[in-house]
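Student: what shape does this take:
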Amino acid sequence: MAKYVVLFFAFIGGASIGCTVGIVIGLILSLANVDNLTYMSSLAFSGLLGGLLKEANKFAAGLGLLGGSLLISLYGQGSQDIYSTIIETVIAIAIFLITPKSFYEKLAKHIPGTNEHALEQQQYVRKIRDATANRVNQFSQLFQVLSESFSTFHSNSKQDDNGETDLFLSKVTEQSCQSCFKKQWCWAKNFDTTYDLMSDIMRNKLDETYKNNNNLKRRFENHCTRVSKVEKAIDKEIHFYKANEQYKRQLIESRKVVSQQLLGVSKVMEDFSNEIKKERQQHFLQEDMIMEALTSFGVEINHIEIFSLKKGSVDIEMTVPYCQGTGECEKIIAPMLSDILEENVIVKSEQCASNRDGQCQVAFRSAKNFKVDIGVAHAAKGGGLVSGDSYATIEIGDGKFAVAISDGMGNGERAHIESKETLYLLKELLQSGIDEEIAIKTVNSILSLRTTEEIFSTLDLVIIDLQKANCKFLKIGSSPSFIKRQNHIKGVKASNLPIGIIEDVEVEVVEEELKAGDILIMMSDGIFEGPKYVENHEVWMKRKIRELQTEHPQEVADVIMEDVIRTKNGRIDDDMTVVVVQIEHNNPLWASIPVSSVKKQKIG
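Tutor: Numbers count the residues shown, from 1 in each chain. Below you'll find the predicted structure:
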C-alpha cells in the first residue's frame with residue numbers, strides 16, 4: 001500500500017511530489033518500527049523514478065517504481081528479499097493500473113504544481129472574469145437604454161404647437177371675449193375666421209412683425225370690436241409664452257446632453273467589458289522561438305509572455321535577471337525584438353530588482369510611427385503673473401495625443417480658474433475613453449449649468465493620431481490655427497460660440513492630414529487679434545509664419561510672441577498664449593540588432 005500511494009502521487013505530481021511522499025511514508029513506517037527506516041530511501045527513490053517517467057504513461061511510471069525498488073533492494077539488503085520486493089511492487093502497480101482515471105484527476109486538482117490544478121485555477125479566474133465582464137456589459141446596456149429613453153422624449157413639434165396655440169388663445173379669449181356681446185357671432189358662427197386671425201396675430205407678435213402688418217391689422221379691426229383689449233391680452237400672454245418656450249428648449253437640450261453623456265458612458269463600459277473578455281493569445285511557439293533567438297545571442301531571459309504580435313500593437317512582457325542598471329533591456333533586448341518582429345519595439349515600462357537575487361519585470365510595446373515636439377510661449381495681461389489663458393497636453397490611449405488651449409472670459413484670477421477648470425474636465429473625460437465630441441458637450445453643460453453668471457471659455461483642441469499622423473480640430477469660439485508645411489501655410493478655423501454660453505453647443509470637427517516636418521501653430525485671441533493697425537489678422541499671421549527663419553517649436557513660439565508684442569510697442573494688452581507642435585518620424589534611439597534570419601522567418 002505504501003508503494004501504491006507513492007506511485008499514485010508520483011504520477012499525479014511528478015518526481016518532486018513522489019519523492020516527498022516516499023520520504024513522509026518512510027518516516028511514518030519508522031515510527032512503528034525503527035527497522036522500517038530503510039524503507040524511506042527505497043520509497044523516495046522509487047517515487048523519484050516513477051515521477052520522472054510519468055510523462056510517458058501509467059505503465060512507464062509503474063516501471064519506474066519497480067526499477068527504483070529493485071535497485072535499492074540490491075544495493076541495500078542484497079538479493080535475499082528480492083522476490084518479496086518484486087511481488088509487493090507488482091501488486092502495487094496492478095492496483096495503480098486499475099485505478100480509475102477520474103479518481104486521480106479529482107485529487108490532482110488539489111495538488112499545487114499539477115496541470116489539473118493550474119487548469120482549475122484558470123477556470124476559476126475565467127469564471128470570475130466572465131462574471132465581471134457580463135456585469136459591466138449589463139451596466140453598459142443599462143446606460144444605453146437610459147440614453148435611448150432620454151432621446152425619445154423629443155416631443156412631436158406639430159402637435160405641441162397646436163396644443164400651445166389653443167392654450168394661448170383660450171387664455172386670451174378668457175380675458176377679452178367672455179364679456180363681449182359678439183362672442184356668439186365670433187366663436188360660434190365664424191370660429192375658423194376668428195381663430196385664424198388671432199393665430200396670425202400671435203405669430204406676428206412672436207416674430208415682432210405685427211406693427212408693420214397693416215393688412216392683418218385692418219382685417220382684425222373689421223372683424224373685432226375690442227381690438228385694443230385683445231391686443232393687450234395677447235401682449236400679456238406673449239411674455240409667459242416665451243418664458244415657457246425657453247424653458248422647454250432648455251429641457252430638450254438638457255435631455256439631449258444627458259442622452260449623449262449616457263451613451264458615451266455606455267460605450268466606455270462596453271469597451272471595458274470587451275477588454276476584460278480579451279484573453280491572452282496563445283503564442284507558445286513564438287515565445288520559444290524568441291527565447292531561443294535571444295539566448296543564442298547570449299541574452300539571459302527567465303520568462304517571456306506574448307500578449308499580441310499584431311503590427312503596431314506588439315505587447316510582450318519578460319522577466320530578466322538583475323542587470324545592475326546597465327539598461328540591457330533598452331539597449332539590447334528591444335533592438336533585437338525590433339529586428340525579429342520587423343518593427344520598432346521599445347521598453348514601455350520596467351520594474352528593476354532591488355538586489356542581485358531579484359528579477360526585473362519589463363514590458364515591450366510597439367513604438368508609434370510619429371512623435372511630437374512642443375514649444376509654448378505665454379504672457380499675462382500687463383506682464384502679470386496670472387493669465388486667463390490655460391493650455392494642456394494630454395496623452396490619450398490608442399496612440400493619440402491632444403493639445404488644448406482655453407481662454408477664460410476676461411483676465412485675472414477668475415478667468416484663469418475658468419480656463420483651467422475647462423481643461424481639467426476635458427482631460428479627465430478624454431482619458432476615460434469618452435468620445436471627444438461628447439466630452440466637449442459634457443464640459444459645456446457642466447460649465448453652463450453650474451452657475452447663473454455669464455461666464456464662458458473658448459476651447460481650441462487638436463487630437464493627433466501618432467500612428468497615421470492625421471488630426472482632428474475641435475474649435476469652440478477659438479482663434480484659427482495654422483499648419484506650416486515648408487512655405488505653404490493653411491488656416492484652420494470654425495465659427496462656434498464659446499463654451500458655457502449655451503447648453504447645447506454644436507461641435508464642428510475639422511480633419512487634416514499631417515506629414516513629418518509639419519508645424520502646427522495654435523494661439524489664443526490675444527496673439528491672433530493682438531497686432532495693432534492690422535486689417536486682416538489672418539493674412540498678417542500667415543505672412544509672419546511664412547517668414548520664420550527657424551523650425552524649432554520653442555523658437556517659433558517665442559518669435560511669434562515677440563512679433564505681436566513689438567507691434568504694440570512692448571505693451572501686453574491681453575493674455576497671450578501660443579503653442580507650437582512639430583510632427584516628426586519616431587526614429588528609434590537604438591538601432592536594431594540583427595538576429596538569425598532563419599529564426600526571423602520562423603517567427604514571422
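
Student: partner residues bridging Val580?
Tutor: Listed beta-bridge partners, Val580: Gly375, Ile521 (assigned using DSSP bridges).

Student: report how many residues lie close to it.
Tutor: With neighbours defined by other Cβ atoms under 10 Å, the count for Val580 comes to 28. C-beta here means a position set from N, CA and C on the backbone, and glycine is covered the same way.

Student: next: Ser338.
Tutor: Ser338: 23 neighbours (other Cβ under 10 Å).

Student: and it, which of the three is it?
Tutor: Classification of Ser338 using DSSP: H, G, I helix; E, B strand; the rest coil returns helix.

Student: ok, the closest residue to it other than its chain neighbours - contacts?
Tutor: Spatially, and ignoring its direct neighbours in sequence, Ser338 is nearest to Ser592 (4.1 Å; Cβ to Cβ, 6 or more residues apart in numbering). Counting by Cβ atoms under 8 Å, 6 or more residues apart in numbering, Ser592 touches Pro335, Met336, Ser338, Asp339.

Student: how close does the first one get to Val299?
Tutor: Distance, Pro335 to Val299, by Cβ to Cβ, to the nearest Å: 11 Å.

Student: those two: who's more crowded?
Tutor: Per other Cβ under 10 Å, whichever of Pro335 and Val299 has more neighbours is Pro335, with 21 against 17.

Student: quick one: that one from Ile593, how far?
Tutor: 4 Å.

Student: now Val462
Tutor: For Val462 relative to Ile593 (Cβ to Cβ), the value is 37 Å.

Student: likewise Val556?
Tutor: In terms of Cβ to Cβ, Val556 sits 37 Å off from Ile593.

Student: more crowded one of the two?
Tutor: Here Val556 and Ile593 are compared on neighbour count by other Cβ under 10 Å; more neighbours surround Val556, at 23 against 17.

Student: pretty sure the more buried one sits in a helix.
Tutor: Yes. Assessed by three-state DSSP, Val556 belongs to a helix.

Student: how about it, nearest residue that isn't a chain neighbour?
Tutor: Val556's closest residue in space is Val580 (Cβ to Cβ, 6+ apart), at 4.6 Å.

Student: so who does that neighbour touch?
Tutor: Neighbours of Val580 in contact, by Cβ under 8 Å, 6+ apart: Ile374, Gly375, Val376, Ile519, Leu520, Ile521, Met522, Pro553, Gln554, Val556, Ala557, Ile560.

Student: which segments of this structure make up each domain?
Tutor: 2-113, 157-255, 284-367+593-603, 370-585 (automatic domain parsing).

Student: including mean pLDDT, could these go into JSON lines?
Tutor: Shown next, in JSON lines, are those (pLDDT from 0 to 100):
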{"stretch": "domain 2-113", "mean pLDDT": "66"}
{"stretch": "domain 157-255", "mean pLDDT": "77"}
{"stretch": "domain 284-367+593-603", "mean pLDDT": "79"}
{"stretch": "domain 370-585", "mean pLDDT": "83"}
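
Student: which among these is found nearest to Val136?
Tutor: Closest to Val136 of the domains of the chain, according to Cβ to Cβ: domain 370-585, at 13.0 Å.

Student: what's the spacing between stretch 586-597 and its chain's center?
Tutor: 30 Å (Cα atoms, centre = their mean, to the nearest Å).

Student: may I have that stretch as PDB, with CA atoms only?
Tutor: Only the C-alpha atoms of stretch 586-597 are listed here, as PDB (Å, rounded to 0.1, in the frame of the first residue of the first chain):
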ATOM      1  CA  ASN A 586       9.700  58.500 -34.400                       C
ATOM      2  CA  ASN A 587      13.200  57.200 -35.100                       C
ATOM      3  CA  PRO A 588      14.400  54.600 -32.600                       C
ATOM      4  CA  LEU A 589      17.000  55.700 -30.100                       C
ATOM      5  CA  TRP A 590      19.000  52.400 -30.600                       C
ATOM      6  CA  ALA A 591      19.500  50.700 -33.900                       C
ATOM      7  CA  SER A 592      18.100  47.200 -34.300                       C
ATOM      8  CA  ILE A 593      20.500  44.400 -33.700                       C
ATOM      9  CA  PRO A 594      20.400  41.700 -36.500                       C
ATOM     10  CA  VAL A 595      19.300  38.200 -35.400                       C
ATOM     11  CA  SER A 596      19.500  35.000 -37.300                       C
ATOM     12  CA  SER A 597      17.400  35.200 -40.500                       C
END
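
Student: pull out the buried positions in that stretch.
Tutor: Buried positions in stretch 586-597, judged by neighbour count with 16 or more other Cβ atoms under 10 Å: Asn586, Ser592, Ile593, Val595.

Student: report the central residue of the chain.
Tutor: Among the residues of the chain, the one closest to the centroid is Gly433, at 3.5 Å (Cα atoms, centre = their mean).

Student: could you find the closest non-adjacent residue to that residue?
Tutor: Val268 (4.4 Å).

Student: next SSE after the strand or helix carrying the one you found?
Tutor: Using DSSP states H and E, Val268 sits within helix 227-277. Once the chain leaves helix 227-277, the next helix or strand it forms, by DSSP H and E, is helix 284-296.

Student: using CSV, write out every CA atom in the helix or strand following that following helix.
Tutor: Per DSSP H and E, the first helix or strand lying C-terminal to helix 284-296 is strand 303-308. Only the C-alpha atoms of strand 303-308 are listed here, as CSV (Å, rounded to 0.1, in the frame of the first residue of the first chain):
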residue,chain,number,x,y,z
HIS,A,303,10.4,34.1,-18.7
ILE,A,304,8.6,35.6,-21.7
GLU,A,305,4.9,36.1,-22.3
ILE,A,306,3.4,37.4,-25.6
PHE,A,307,0.0,39.0,-25.5
SER,A,308,-0.1,40.4,-29.0
